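S.K.: Using only what follows, build the 3D model:
(2 chains)
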Amino acid sequence: MSQAAPILEARNVSKYFHDPLTVQVLKDISFTIQRGEFIAVIGKSGCGKSTLLYVLSTMDTDYEGDIMLEGTILRGKKDAELARIRNNSIGFVFQFHYLLNEFSVLKNVMLPGLKKGDSSEKEVEHRAYEKLRILGIQNEALKMPNQLSGGQKQRVAIARALINDPLIIMGDEPTGNLDKKNSDNVFDIFSELCSEFGQTLLVVTHDLDFASKTHRIIEMEDGRIIKG
Amino acid sequence: MGKLLIIRISFALQTARWRQTMVAAVGVAFSITMFITLLSFMAGLNDLLDGLLLNRTPHVRLFNEIKAPERLPINLAPEYQSHYNFVRSVKPKMERLQIHNIAAIIAAVEKDERVLGYAPKIGAQVFYNTGATDLTGLINGIDVTAENKLFFFSDYIVAGNFNDLNTIPNSIILGKEIAAKTLTNIGDVIQVTTSKGDIRQLKVVGFFQSGIQEIDKVQSYASLKTTQNLMGEAGSYITDLQIKLKDLSMAPAMAKEYAGLFETDAVDIQTANSQFETGSKVRTLISYAVGVTLLIVAGFGIYNILNMIIYEKMDSIAILKATGFSGKDVNKIFLFIALSIGISGGIAGLFFGWGLSAIIDQIPFNTASLPTVTTYPINYNPVFYVTGLVFALITTYMAGYFPSRKASKMDPVTIIRGK
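M.R.: This is a model prediction of the structure:
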């Protein structure tokens, strides 16, 4: 695969919701994401930005057009293959942290790494500690998720997204549940990941303040990209 | 690595709901316990009831029945071959009950690989004389050693020693009911009248009780020699040859074969006692039906707990899928939960079932009709344990199948966006 290939490319992506009426939520969307970009997707509620994110994330496979991850077309791949792509190449941060309460913070971070299965449990643990250190929560590693504050939980979720060194991190309103201080904190982490580690990030957000600080803003309206 | 991870996750999900998981496992354990106990107890009872008769019944019995001849001379004569010949009032000819050529038959039977053992026997019709009345009776002349080896004769001796039949001449072991009727004790002498009118005196050396009153009221045992003397017959006089086979199921075929070969009558155990087999089959069927029903009920318990875990852990399922677990992995996680409930409950059930059977085995069970039985009968057949475990695994797998499939088909997007 050539170096020049964009990390993620959408070509004429359209999507329809059929229930209760057929509505076109994404209209012929095309754009590319290059390595190391920090992109915010903004737009009003219902403009299709989250839908776009889930289509790009491979979790939603019901769309028209093509999506390419590092030049590989994702259409037609099987459930297990897509799961492996998510595991290896995409990190997720959602509005809600979705930590498993039955596992410690450390194990939560380690789970996708263990699923990947290409390195020993020791190595995965080492990597998990590293990610937690980057996010400044290495001291909470052995606690259970319900012993952490909301901001800390979201940082654990970010560490989990990072564990397999993904090509791209996708965020769906990652600061939506956080107060100003924690939002800033998460933004600082994202921008540090981008500047220091060259991490590519694609974040859907309502927070214009947050978006204004990113490298590139994609603004959507009514299922189309109107800017960016 | 991948398998281990799935096992770890399913354990974590179980421990999060350990109380319900426990209840489901206890449900399985209970049903397996009852399944094992029920089958062991039923099979024990079956063995007991069958043994009551079948143990004492030869697999093949050779004898000579007095009956009208099947082949009449006229049918053999060449000039009447093409006719229908009607002969009225055909009567059995004067014939003795003994099996002809017994020595040759015994020699042949002894050589037969399929035969476990044989015991010759004489049936002698007598009257027991007590005071002014006579009681009808039957003295069985037996080869004491062979009879005991093949038909557990000593099990039914309630007083005295069966070996005395061999050592004390003209001795008899009386049925318990006869002894009670004639007020005879061990050491007393009883007077019998044979079918030919001879009167003999026999020394009572013991009592037997078969558990079947009709037998105890009529039958007595003596040695072959004593009986032959009683009848005034020679040493070759044998009326029955009882044969026990290595494989019971061969009895009907062998009975037919022997009847042709030795020109005697032969009856097999299946023909003589068909109702016993039917009885045990139906009883076994009922216990299996009850056991399987219990397991299915336990299966619904597992189905419920898995559904509950899935509804509670929808978020976890969604994030597992988002972070790279495929539908198949999620399916495996929940199937593993189901099977671990099934296996742990099943194995616990096997132990409890064994324990409960062992307890029942200790409960006293005394009945006049079964002198050798002192506790409730239990059959510890390993087949029940294997069947129980296999059934437990099958039902839990079935119970886990649909919830697991639901979990694996769950769309993470709808769950995550629903928040």
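
S.K.: domains for chain B, by residue range?
M.R.: Using automatic domain parsing, the domains assigned to chain B come out as B:2-54+B:276-417, B:60-81+B:95-269.

S.K.: so residue A:76, which of the three states?
M.R.: At residue A:76 the chain is in coil, as set by DSSP: H, G, I helix; E, B strand; the rest coil.

S.K.: Neighbours of it, how many?
M.R.: Residues lying near residue A:76 (other C-beta atoms under 10 Å in any protein chain shown) number 7. To be clear about C-beta, it is placed using only N, CA and C from the backbone, and glycine gets the same treatment.

S.K.: The one 5 residues further on too?
M.R.: Under the neighbour criterion other C-beta under 10 Å, residue A:81 is assigned a count of 13.

S.K.: can you pull the buried residues of the helix or strand containing it?
M.R.: Using DSSP states H and E, residue A:81 sits within helix A:79-89. For helix A:79-89, burial by neighbour count (16 or more other C-beta atoms under 10 Å in any protein chain shown) applies to A:82-89.

S.K.: In JSON lines: these, plus pLDDT and distance to chain B.
M.R.: Output for the buried residues of helix A:79-89, formatted as JSON lines (pLDDT from 0 to 100; distance: C-beta to the nearest C-beta, whole Å):
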{"residue": "A:82", "pLDDT": "89", "distance to chain B": "8"}
{"residue": "A:83", "pLDDT": "89", "distance to chain B": "4"}
{"residue": "A:84", "pLDDT": "90", "distance to chain B": "6"}
{"residue": "A:85", "pLDDT": "90", "distance to chain B": "8"}
{"residue": "A:86", "pLDDT": "90", "distance to chain B": "5"}
{"residue": "A:87", "pLDDT": "90", "distance to chain B": "2"}
{"residue": "A:88", "pLDDT": "90", "distance to chain B": "7"}
{"residue": "A:89", "pLDDT": "91", "distance to chain B": "9"}
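
S.K.: Following the helix holding residue A:81 in sequence, what is the next regular element?
M.R.: Assigned by DSSP H and E, the successor of helix A:79-89 is strand A:90-93.

S.K.: got the residues of the stretch 251-400 of chain B near chain A?
M.R.: B:315-316, B:318-329 (C-beta under 8 Å from any C-beta of the partner chain).

S.K.: let's see it at 10 Å
M.R.: Contact residues, the stretch 251-400 of chain B versus chain A (C-beta under 10 Å from any C-beta of the partner chain): B:313, B:315-316, B:318-330.

S.K.: For the residue in the stretch 251-400 of chain B that chain A sits nearest to, which residues are in contact?
M.R.: Nearest to chain A in the stretch 251-400 of chain B, going by C-beta to the nearest C-beta, is residue B:324, at a distance of 2.3 Å. Residues near residue B:324 by C-beta atoms under 10 Å, 6 or more residues apart in numbering or on different chains: A:82-90, A:92, A:111-113, A:115-116, A:164, A:166.

S.K.: Any regions of chain A where pLDDT drops low?
M.R.: For chain A, the stretches with pLDDT under 70 are A:1-4.

S.K.: circling back to that earlier point, nearest spatial neighbour of the residue of the stretch 251-400 of chain B closest to chain A, chain-adjacent residues omitted?
M.R.: Using C-beta to C-beta, 6 or more residues apart in numbering or on different chains and skipping residues adjacent in sequence, the residue nearest residue B:324 is residue A:87, 2.3 Å away.

S.K.: pretty sure the one you found contacts residue A:161?
M.R.: No: at 11.4 Å, residue A:87 does not count as touching residue A:161 under the criterion of C-beta atoms under 10 Å.

S.K.: shared neighbours of those two, which are they?
M.R.: With C-beta under 10 Å, 6+ apart, residue A:87 and residue A:161 have common neighbours A:112, B:322-323.

S.K.: contacting residues around residue 95?
M.R.: Here I'm looking at chain A. Per C-beta under 10 Å, 6+ apart, neighbours of residue A:95: A:50, A:154, A:171-178, A:204-205, B:416-417, B:419.

S.K.: wrong one, I was asking about chain B
M.R.: Applying C-beta under 10 Å, 6+ apart, one finds that residue B:95 lies in contact with B:64-67, B:69.

S.K.: where's it relative to residue B:231, distance?
M.R.: Noted for residue B:95: a distance of 15 Å to residue B:231, by C-beta to C-beta, to the nearest Å.

S.K.: mind listing what's buried in the host helix or strand of residue B:280?
M.R.: For residue B:280, the enclosing helix or strand under DSSP H and E is helix B:274-312. Going by neighbour count (16+ other C-beta under 10 Å), the buried part of helix B:274-312 is B:276, B:280, B:287-288, B:290-292, B:294-295, B:298-299, B:301-307, B:309-310.

S.K.: Over to stretch B:258-274?
M.R.: For stretch B:258-274, by 16+ other C-beta under 10 Å, it's B:258-259, B:262, B:264-269, B:272.

S.K.: Mind putting the residues you listed into TSV with pLDDT?
M.R.: Shown next, in TSV, are the buried residues of stretch B:258-274 (pLDDT from 0 to 100):
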residue	pLDDT
B:258	87
B:259	86
B:262	84
B:264	85
B:265	86
B:266	87
B:267	87
B:268	87
B:269	83
B:272	75
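
S.K.: Out of these, which sit inside helices?
M.R.: B:258-259, B:262, B:269, B:272 (DSSP state H).

S.K.: Who are the packing partners of the helix of greatest length in chain A?
M.R.: Of all segments of type helix in chain A, defined using DSSP H, the longest is helix A:180-197. Identification of packing neighbours for helix A:180-197 by 3 or more C-beta pairs under 10 Å, 6 or more residues apart in numbering or on different chains; DSSP states H and E yields strand A:38-43, strand A:90-93, helix A:121-134, helix A:150-162, strand A:168-172, strand A:200-204, helix A:208-212.

S.K.: can you pull out the strands in the stretch 301-419 of chain B?
M.R.: With DSSP state E, counting those that start in this stretch, there are no strands along the stretch 301-419 of chain B.

S.K.: Low-confidence regions, it specifically.
M.R.: B:368-372, B:418-419.

S.K.: could you pull out the helices for it?
M.R.: Under the criterion DSSP state H, counting those that start in this stretch, the stretch 301-419 of chain B contains helices at B:314-322, B:327-362, B:382-409, B:412-418.

S.K.: Determine which stretch of those helices is the most buried.
M.R.: helix B:314-322 (a mean of 24; mean count of other C-beta atoms under 10 Å in any protein chain shown).

S.K.: Near residue 71, how many other residues are there?
M.R.: Here I'm looking at chain A. Counted with other C-beta under 10 Å, residue A:71 comes out at 12.

S.K.: that answer is for a different chain, and I need it for chain B
M.R.: 7.

S.K.: thinking again about what came up before, which of the contacts of residue B:95 are buried?
M.R.: Taking 16+ other C-beta under 10 Å as the criterion, what is buried in these is residue B:64.

S.K.: would JSON lines of the contacts of residue B:95 with distance to residue B:161, pLDDT and secondary structure be doable?
M.R.: Listed next are the contacts of residue B:95 as JSON lines, based on distance: C-beta to C-beta, whole Å; pLDDT from 0 to 100; DSSP: H, G, I helix; E, B strand; the rest coil:
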{"residue": "B:64", "distance to residue B:161": "32", "pLDDT": "84", "secondary structure": "coil"}
{"residue": "B:65", "distance to residue B:161": "34", "pLDDT": "81", "secondary structure": "coil"}
{"residue": "B:66", "distance to residue B:161": "36", "pLDDT": "79", "secondary structure": "coil"}
{"residue": "B:67", "distance to residue B:161": "39", "pLDDT": "78", "secondary structure": "coil"}
{"residue": "B:69", "distance to residue B:161": "45", "pLDDT": "77", "secondary structure": "coil"}
